[in-house]
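Enquirer: one predicted model, sequence on top.
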Amino acid sequence: DVPHLDTAYGSHLVEAFQYSLKLPYSALKGLGFERLCFHLLLSFGKRPRFFGESGQAQFGIDLIVSDGDQCEVYQCKNVAGYNETNLREDLKKFEREWLHNRSDLLRPKKFILCTTEPLTGRDEWDREKNQFFDRTKVRVEEWDRNMLDGWLRSQPDIVSDLFGDDIAERFCNRDTWNDS
């Protein structure tokens, strides 16, 4: 049973509440945020898969996109205050549990961190990413709140599915909607 996959499309995960100009990512919790990232990847033309199930060892990974020869992995963090210290710890876990302890797993080209926090302190982030690349030859990219908001403004179906129609109507750009 995987509740975030079993919920019907169009049955949003966030209950209606007072809305501000920001999407209420925290209301999605972890599994809902993974679903959001999954749907964004689909909208980009990728074919993501959830990696493992709740309770299984996931080696610090939530989603994977692979063509059999190459892969990129996604860690979805819906955590308030996520920062470069958290990134460092998550990269260490991934390096230890996937890259070193499970050499039978396909070695990814990219590790993408998806976080609901806006990223600040670019120097610290870049230092962590560069040190990780120097050790592992795996590039680190990030999707932060600002990137997510920008992409989701043109994705009313995803926003409506997860946050509800009212929020989608207020948040998304309507110029690409089919209102007929």
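Expert: That came through fine. Nothing here was measured: the structure is a model prediction, and the numbers come from that model.
Enquirer: list the buried residues in stretch 73-92.
Expert: Across stretch 73-92, burial judged by 16 or more other Cβ atoms under 10 Å covers 73-78, 82, 84, 86-88, 90-91. C-beta: built from backbone N, CA, C; applies to glycine.
Enquirer: where do the strands sit along the chain?
Expert: Using DSSP state E, the strands assigned to the chain run over residues 48-50, 63-66, 71-77, 110-115, 139-143.
Enquirer: with mean pLDDT and distance to Q131 as extra columns, can I get those strands in TSV?
Expert: As requested, the strands of the chain are exported to TSV (pLDDT from 0 to 100; distance: least, Cβ to Cβ, whole Å):
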stretch	mean pLDDT	distance to Q131
strand 48-50	93	27
strand 63-66	93	23
strand 71-77	94	17
strand 110-115	95	13
strand 139-143	94	10
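Enquirer: could you dump those strands to a markdown table with distance to N130?
Expert: Written out in a markdown table, the entries for these read as follows (distance: least, Cβ to Cβ, whole Å):
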| stretch | distance to N130 |
| --- | --- |
| strand 48-50 | 26 |
| strand 63-66 | 23 |
| strand 71-77 | 18 |
| strand 110-115 | 13 |
| strand 139-143 | 9 |
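Enquirer: and R127, which of these is closest to it?
Expert: Taking Cβ to Cβ as the measure, these were each checked against R127, and strand 139-143 came out nearest at 11.2 Å.
Enquirer: which elements pack onto the closest one?
Expert: Contact here means 3 or more Cβ pairs under 8 Å, 6 or more residues apart in numbering; DSSP states H and E; on that basis strand 139-143 packs against strand 110-115, helix 122-136.
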